[in-house]
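1. just a sequence and a predicted model for now, questions to come.
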Amino acid sequence: MPILNSNSLEFFSKSADQTKRLGLRLGALLKVGDVVCLSGDLGAGKTTFVQGLARGWGSLDVVTSPTFVIVNQYRKPEGCILHHMDAYRLAGAEDAFNLDIDLMFSSGALVIEWPEQIQKALPENYLWMELSWIDELQRRIVFMPKGERYIDLVGLFRQNAFGG
């Protein structure tokens with residue numbers, strides 16, 4: 001379990017709908033170039049969170065797990081792309097570079113499930129999130145920003161989602 005610092009945020013979601021609403025609030029704050037890393041075991045709520053994130057980003061596309069296709073893309077009406085990568089089946093950073101992860105960083109926002117698989121391909125700064133299964137309905141979600149942009153993002157998210 002990670003040690004939290006003053007820039008981190010811990011939240012306990014009580015339902016899939018609440019997890020989606022958290023994603024929606026964060027998605028509304030994302031900008032082109034942002035990277036969100038979702039770490040957690042199967043069933044921890046990563047794809048559920050991304051369903052809300054994509055909606056907050058402005059996409060009306062149906063969000064599904066990219067486990068077998070590796071990358072799904074969700075578009076805003078004006079064309080910006082939210083790239084949704086599942087790195088579970090990737091062998092490492094080289095596989096991510098072969099998928100043109102650098103283009104994903106620059107052409108939209110990127111959310112990565114199982115980011116520990118491609119740690120060396122990640123940029124210097126990003127938002128790391130740990131999702132944990134507690135029971136059938138509850139999930140623990142910890143936001144850990146790395147870099148000023150993501151510290152500011154978590155601060156904005158905290159204000160928008162919780163009022164403080």
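-> Structure's in. What do you need?

2. where is the longest helix in this structure?
-> In the chain, assigned by DSSP state H, the helix with the most residues is helix 148-162.

3. just the CA trace of that helix, in PDB.
-> The C-alpha trace of helix 148-162 is given here as PDB (Å, rounded to 0.1, in the frame of the first residue of the first chain):
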ATOM      1  CA  GLU A 148       3.400  20.200 -11.000                       C
ATOM      2  CA  ARG A 149       0.700  19.700 -13.700                       C
ATOM      3  CA  TYR A 150      -0.700  16.600 -11.900                       C
ATOM      4  CA  ILE A 151      -0.400  18.200  -8.500                       C
ATOM      5  CA  ASP A 152      -2.500  21.000  -9.800                       C
ATOM      6  CA  LEU A 153      -4.900  18.600 -11.500                       C
ATOM      7  CA  VAL A 154      -5.500  16.600  -8.300                       C
ATOM      8  CA  GLY A 155      -6.000  19.900  -6.400                       C
ATOM      9  CA  LEU A 156      -8.600  21.000  -9.000                       C
ATOM     10  CA  PHE A 157     -10.200  17.600  -8.900                       C
ATOM     11  CA  ARG A 158     -10.400  17.700  -5.100                       C
ATOM     12  CA  GLN A 159     -12.100  21.100  -5.300                       C
ATOM     13  CA  ASN A 160     -14.600  20.000  -8.000                       C
ATOM     14  CA  ALA A 161     -15.400  16.600  -6.600                       C
ATOM     15  CA  PHE A 162     -15.400  17.300  -2.900                       C
END
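
4. just the buried residues of that helix, please?
-> The neighbour-count check on helix 148-162 (16 or more other C-beta atoms under 10 Å) flags 149-151, 153-154, 157-158, 161 as buried. Every residue, glycine included, has its C-beta placed from N, CA and C.

5. so in this structure, where's the weakest helix or strand by average pLDDT?
-> helix 101-107 (a mean of 89; mean pLDDT, DSSP states H and E).

6. which SSE is immediately downstream of that one?
-> Note on helix 101-107: by DSSP states H and E, the next helix or strand toward the C-terminus is strand 108-113.
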